[in-house]
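S.K.: compute the structure for the input listed below.
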Amino acid sequence: MLDRLNTLYPVRYTALALCVLAALLSLFTLVGFGVGLLSLLVFGGLSVLGWRDLRQTKSSLLRNYPVIGHFRFMLEKIRPEIRQYFLESDNEATPFSRSQRSLAYARAKGETDKRPFGTQRDVKAVGHEWLNHSLAPSQVASHDFRLTIGGPHCTQPFDASVFNISAMSFGALSANAVQALNAGAQRGRFAHDTGEGSISAWHRLNGGDLIWEIGSGYFGCRDDAGHFNEDKFKANALDAQVKMIELKLSQGAKPGHGGVLPGPKVTPEIAAARGVPVGQDCVSPAAHSAFATPLELLHFMARLRELSGGKPTGFKLCIGHPWEWFAIVKAMLETGITPDFIVVDGAEGGTGAAPLEFTDHVGAPLQEGLRLVHNTLVGVNLRDRIKVGASGKIVSAFDIARAMATGADWCNSARGFMFALGCIQAQACHTGQCPTGVTTQDPVRQQALVVPDKAVRVFNFHQQTLHALQELVQAAGLQHPSEITAHHIVRRVNENDVRLLANLLPSTLPGALLGDLQGQHPVFTTYWAQAKATHFALG
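M.R.: Numbers count the residues shown, from 1 in each chain. Next up is the predicted model:
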């Protein structure tokens, strides 16, 4: 009987039928008793919506489940918020855990970052890591840890903090967010990477130190055809606020992928910063046009250093084909031209928008990329001439310590400073509807981000993170984070066994790649000999 009833009247239409019935009853009570206008409007509207659902052809779900099917889309839309606020655990990273976000918020606001009752982490879980401490802790005078970036060909070395703001462009970030980041950087004497969107008026407003990132679109230093222009580059590079020049070869979140900023988003301010026409699509090609071989890359980089007046010049990359990286190193050996720095971007790095396949499955994670760069430079006796930076999900002092143990000289953070600005990880960066005004060009939305207040939070986050790093350095019995090595970090490999990172990560002896490769890691024995300075291709 029930099966026959379902055949004659499918239950999937129940919601629509009830809405129609309620509308008719409301009409009856309105005509007969003068009440029920509101319910007639509500249920009448839902009945019209249900009729429209039955007639439309785009959604199979709504054709089979008129009216009620909309609730599915409503619940799906708020699923991330429901999960974030009510379901996920404090240490469940998606992509940053509540614990990580709470730490950044607390430090940015100047609130306590202390936790009671012991760790919430499972110390028996595979992958858990910790820093070995000393029974003779040291005393470090200041948490203002710094390093000098500048090789033998650099005439204006930069005294940099070990913790800086990673590349985020104006256009991806709002004007207010850029202002707050730069004001915080100026107060704390740390660097602000412009991202490939070039130097905007908002970067200049508060006078904080800038790292000018130049991508394949050559924004801020391009001609009308989108090619590199020396005169425009020189005009920006000689600005005293610009401390370093960073050539972006690839980005961790979407290596090997270009980008397009649609014409409607190219406002007069963005167009002025990038040197592109207002209202026209702004294209970042996947590859550079200024060079095509490792040798040409190094000569181009040397020219940038010369045009900038000798400022530290280097490049950023996410490691992909190892032989391409080896080819660049061989070009260094052949020409004698070395970058002043290299920034290794891990595949776990973030971006405003990227194809899911690139975000999840393209590029080497920070640990593997950073270790390969460090070991290669050690193996050719160039490590002392080149400083190495690291970026990719670095938020806490332990993240910095771990990156330095893996081979970094300093660290950059993008999303950590976004949290300091008030980012709630809504993951709406690509929609223009950021709820906190961090990643939107909507003038009304971004006014929610009050620059003076958020500049203080950026400063606080930087200071409190470095203060925590100071305490870690002291606990390990050291004097500077640069002394942290892979011998200081321990990782659990199974329930009953732990290993020093030094015993887990590959290492290379100084000069080992200049002679017989026997006994070296397979990546070197397989690809080193086939890499050529004259081209990026293998063999």
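
S.K.: how about the helices of the stretch 101-250 of the chain, start to end?
M.R.: Taking DSSP state H, counting those that start in this stretch as the test, the helices found in the stretch 101-250 of the chain are 175-188, 201-204, 230-237.

S.K.: tell me which of the ones you listed sits nearest to residue 393.
M.R.: Evaluated over the helices of the stretch 101-250 of the chain, closeness to residue 393 peaks at helix 175-188, with 18.3 Å, by Cβ to Cβ. C-beta: built from backbone N, CA, C; applies to glycine.

S.K.: so what secondary structure elements neighbour the closest one?
M.R.: Applying 3 or more Cβ pairs under 8 Å, 6 or more residues apart in numbering; DSSP states H and E, one finds that helix 175-188 contacts strand 163-165, strand 192-193, helix 201-204, helix 415-421, helix 443-446, helix 451-475.

S.K.: tell me the angle of that helix relative to helix 451-475?
M.R.: 50 degrees (axes from the mean of the first three to the mean of the last three Cα atoms, to 10 degrees).

S.K.: could I have helix 175-188 exported to PDB, CA atoms only?
M.R.: Provided in PDB are the C-alpha atoms of helix 175-188 (Å, rounded to 0.1, in the frame of the first residue of the first chain):
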ATOM      1  CA  ALA A 175      44.500  48.800   1.000                       C
ATOM      2  CA  ASN A 176      43.800  48.900   4.700                       C
ATOM      3  CA  ALA A 177      45.500  45.500   5.200                       C
ATOM      4  CA  VAL A 178      48.600  46.600   3.400                       C
ATOM      5  CA  GLN A 179      48.800  49.800   5.400                       C
ATOM      6  CA  ALA A 180      48.400  48.000   8.700                       C
ATOM      7  CA  LEU A 181      51.100  45.400   7.800                       C
ATOM      8  CA  ASN A 182      53.600  48.000   6.700                       C
ATOM      9  CA  ALA A 183      52.900  50.200   9.800                       C
ATOM     10  CA  GLY A 184      53.500  47.200  12.000                       C
ATOM     11  CA  ALA A 185      56.700  46.300  10.100                       C
ATOM     12  CA  GLN A 186      58.000  49.900  10.500                       C
ATOM     13  CA  ARG A 187      57.400  49.900  14.200                       C
ATOM     14  CA  GLY A 188      59.000  46.500  14.700                       C
END
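
S.K.: quick one: the residue nearest to the spatial centre of the chain from residue 148, how far?
M.R.: The centre of the chain sits closest to residue 350, judged by Cα atoms, centre = their mean, with a distance of 2.9 Å. Distance of residue 350 to residue 148, computed by Cβ to Cβ, to the nearest Å: 29 Å.

S.K.: do you know which of the helices of the stretch 101-250 of the chain lies nearest residue 16?
M.R.: helix 175-188 (45.9 Å).

S.K.: show me what the closest one is in contact with.
M.R.: With contacts defined as Cβ atoms under 8 Å, 6 or more residues apart in numbering, helix 175-188 is touched by 161, 164-165, 168, 170, 173, 191-192, 200, 202-203, 205-210, 269, 417-418, 420-421, 437-439, 446-447, 449-452, 454-459, 461-463.

S.K.: can you say which of the residues you listed are buried?
M.R.: 161, 164-165, 168, 170, 173, 191-192, 200, 202-203, 206, 208-210, 269, 417-418, 420-421, 437-439, 446, 449, 451, 454-459, 461-463 (16 or more other Cβ atoms under 10 Å).

S.K.: for the chain, give me the ranges with low pLDDT.
M.R.: 1-10, 85-87, 89-91, 93 (pLDDT under 70).

S.K.: wait, which of the helices and strands packed on helix 175-188 is closest to residue 29?
M.R.: Comparing the helices and strands packed on helix 175-188 by Cβ to Cβ, helix 443-446 comes nearest, at 42.7 Å.

S.K.: contacts for the closest one?
M.R.: Outside helix 443-446, the residues within contact range by Cβ under 8 Å, 6+ apart are 174-177, 433-435, 437, 440.

S.K.: just put those in JSON lines and tack on distance to residue 306.
M.R.: JSON lines is the format used below for the contacts of helix 443-446 (distance: Cβ to Cβ, whole Å):
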{"residue": "174", "distance to residue 306": "35"}
{"residue": "175", "distance to residue 306": "33"}
{"residue": "176", "distance to residue 306": "36"}
{"residue": "177", "distance to residue 306": "33"}
{"residue": "433", "distance to residue 306": "44"}
{"residue": "434", "distance to residue 306": "40"}
{"residue": "435", "distance to residue 306": "45"}
{"residue": "437", "distance to residue 306": "40"}
{"residue": "440", "distance to residue 306": "39"}
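
S.K.: and the buried ones among the residues you listed, selectable in ChimeraX?
M.R.: Written as a ChimeraX command, the selection of buried residues from those, which uses 16+ other Cβ under 10 Å, is:
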select :174,175,176,177,434,437,440
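
S.K.: nearest to residue 55 among the contacts of helix 443-446?
M.R.: Of the contacts of helix 443-446, the one sitting nearest to residue 55 (Cβ to Cβ) turns out to be residue 433, at 30.1 Å.

S.K.: any idea how far residue 199 is from the nearest residue to that closest one once chain neighbours are set aside?
M.R.: Leaving aside its sequence neighbours, residue 433 sits nearest to residue 440 (Cβ to Cβ, 6 or more residues apart in numbering; 6.6 Å). Between residue 440 and residue 199 the computed distance is 21 Å (Cβ to Cβ).

S.K.: how about residue 385?
M.R.: Distance, residue 385 to residue 199, using Cβ to Cβ: 28 Å.

S.K.: how about residue 357?
M.R.: 32 Å.

S.K.: repeat for residue 138
M.R.: Counting by Cβ to Cβ - residue 138 and residue 199 are separated by 40 Å.

S.K.: with residue 41 instead?
M.R.: Look at residue 41 and residue 199: by Cβ to Cβ, they are 55 Å apart.

S.K.: could you check which of those two has the larger neighbour count?
M.R.: Neighbours were counted for residue 41 and for residue 199 using other Cβ atoms under 10 Å; residue 199 has more, 23 against 12.

S.K.: against residue 351, how distant is that one?
M.R.: The spacing between residue 199 and residue 351, counted by Cβ to Cβ, is 20 Å.

S.K.: same question, residue 58
M.R.: Applying Cβ to Cβ, the value for residue 58 to residue 351 is 30 Å.

S.K.: same deal with residue 244?
M.R.: The gap separating residue 244 from residue 351 is 21 Å, by Cβ to Cβ.

S.K.: next: residue 507.
M.R.: As judged by Cβ to Cβ, residue 507 and residue 351 stand 31 Å apart.

S.K.: pick out whichever of those two has more residues nearby.
M.R.: residue 351 (20 against 15).

S.K.: still on that earlier bit, what values do phi and psi take at the residue nearest to residue 433?
M.R.: The phi/psi pair for residue 440 (degrees, to the nearest 10) reads phi -140, psi 150.
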